[in-house]
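K.L.:
Mind looking at a prediction? Sequence and model below.
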Amino acid sequence: MPNTRISCPNCRQPITAEVDQLIDVGADPSLKQKFLSGAVNFIQCPSCKYQGQLSSVLVYHDPDKELLLTFVPPEMGIPRNEQEKIIGNLINQSINRLPQEKRKGYLLRPQQTLTMQGLVERVLEADGITKEMIEAQQRKLHLLQRLVDSSPEAIVSIVKQEDAEMDGEFFALLKRLGDISAMSQDQETLQKLSELQKILVEQSTYGKMMQIRATEWGEALKDLQAEGDRLNREKLLELVINSSSDIKIQAYVSYAKPLMDYEFFTRLSERIDRSRGDGRVRLTSLRENLLTYTRQIDQEMEARQAQQRQMRAIIIGAIVAVVVMVGVLLVALFVLLQPGVPTDRIRDALIIVVAFETFVVGMALIVLLVQLATLINLLQNEVRPILEATSDTLNTLRGTTEFLSESVVQPVIKLNGYMASMQRVLELMGVKRR
């Protein structure tokens, strides 16, 4: 939307800002990410340094989900009839962009939300993110804030009280914040988080489970290394059968997967046939677990191999294209430089060379621009919100306005698409301070 001249809400000085009132995801899918990340109508005043979201009438339209939402900030004090006029014009703009077959009944029944928080929640609900999920994340963030601001003695007490909240998702958040501190070279914060993580690993139930897992994986590796070159299918089968830990069995599968082939499982089946009673039941269950673990590894390997094949195909295609173009160029030069060829032919050959160089440089620039755009998108939509979240949570950085990333909610929310969504929701819920 074109820039608009407005007054700063803080110092009342005139500033230029981009003001969006219609968020039409069908016309521009990137607007959804922009809205959920809090970037829509976000203003910065050069005079008083104020930064925040401008209050404005909003219409959110997602034709794929048949979602039409409206929001009018109460603080704007717009009369009812004026609200209807503004919203009606915005909805008409959105309808006019739709082809006739997509103009359905929901367009006649826009859903009004009373708060910005409610508007964001409705958008997230359409994506399968419930209010309960958001509240669960809010509790974890509050808990992390308490832990960061507490002494080691107080941390131990908090762990005893809030042990159930300290699950894999919580530790993923803690690790993510540590990674961000390392990237931003904030050694003080990194040290503080490392000390906190050490205490949590020692004191929390999930942390103790992590320690046990690490210990058993280490023991499994030592068992395999002790066999050395003598390790074969029969000895691996003995190790697996004699192991009483499912974690250790998973480690054997991960480390020695190549030996767990048809012959390995044939020998295990023979053991099952010779067994009776509880022993037979245990070995049968062991075989099912091993098959499950090996299938999971096979699927992961197939996914990686598919990515590698795709990358190789792209590289080979690029090489073939370059070789073909160079071949065509050489043939053209050979023909044009034959004896008796007029000078203008040589000129034409030089033009071809220059054109080829220009093409190569142009392709390189296109690749560079694509990579640069990818980097800018990563910095704006992922790295920047995460850095700002760390600032607010740990009170060590400044100027934070957004919070939360997709890795925090990965166990419960689809990957990679809702990081900025969660940070915006938590801001509206009061976890963040402007």
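P.N.:
Now that the structure is in, tell me what you want to look at. Numbers count the residues shown, from 1 in each chain.

K.L.:
List the residues that contact Leu231.
P.N.:
224, 256, 259 (CB atoms under 8 Å, 6 or more residues apart in numbering). C-beta: built from backbone N, CA, C; applies to glycine.

K.L.:
wait, isn't the last one in contact with Glu227?
P.N.:
Yep, that's Leu259 we're talking about. No. Taking contacts as CB atoms under 8 Å, Leu259 lies outside contact range of Glu227: 10.8 Å.

K.L.:
Which of those two has more residues huddled nearby?
P.N.:
More neighbours surround Leu259 than the other of Leu259 and Glu227, with 18 against 14 (other CB atoms under 10 Å).

K.L.:
Next up, the contacts around that one.
P.N.:
Taking CB under 8 Å, 6+ apart, we find Leu259 in contact with 231-233, 236.

K.L.:
For the residues you listed, which two are the farthest from each other?
P.N.:
For these, the farthest-apart pair by CB to CB is Leu231 and Arg233; their separation is 8.9 Å.

K.L.:
Asn242: neighbour count?
P.N.:
Per other CB under 10 Å, the neighbour tally for Asn242 reads 9.

K.L.:
mind checking pLDDT for it?
P.N.:
Note for Asn242: predicted pLDDT of 90.

K.L.:
all strands of the chain, in order?
P.N.:
In the chain, the strands defined using DSSP state E lie at 3-7, 14-18, 22-24, 42-44, 51-53, 58-62, 67-71, 111-113.

K.L.:
Export only the CA atoms of stretch 240-247, formatted as CSV.
P.N.:
This file holds the C-alpha atoms of stretch 240-247, laid out as CSV (Å, rounded to 0.1, in the frame of the first residue of the first chain):
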residue,chain,number,x,y,z
VAL,A,240,20.4,-56.7,21.3
ILE,A,241,18.8,-59.7,23.0
ASN,A,242,20.8,-59.3,26.2
SER,A,243,20.0,-55.6,26.4
SER,A,244,17.2,-54.7,28.9
SER,A,245,17.0,-51.1,27.8
ASP,A,246,14.9,-49.9,24.9
ILE,A,247,17.0,-46.8,24.6
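
K.L.:
Show me what counts as buried in it.
P.N.:
Residues of stretch 240-247 classed as buried: 240, 243, 247 (neighbour count, 16 or more other CB atoms under 10 Å).

K.L.:
and of those, the nearest to Glu101?
P.N.:
Ranked by distance to Glu101 (CB to CB), those are led by Ile247 at 55.0 Å.

K.L.:
what about the closest residue to the closest one other than its chain neighbours, neighbour count?
P.N.:
Nearest in space to Ile247, with sequence neighbours left out and distances taken as CB to CB, 6 or more residues apart in numbering, is Glu216 at 4.6 Å. Counted with other CB under 10 Å, the neighbours of Glu216 add up to 18.
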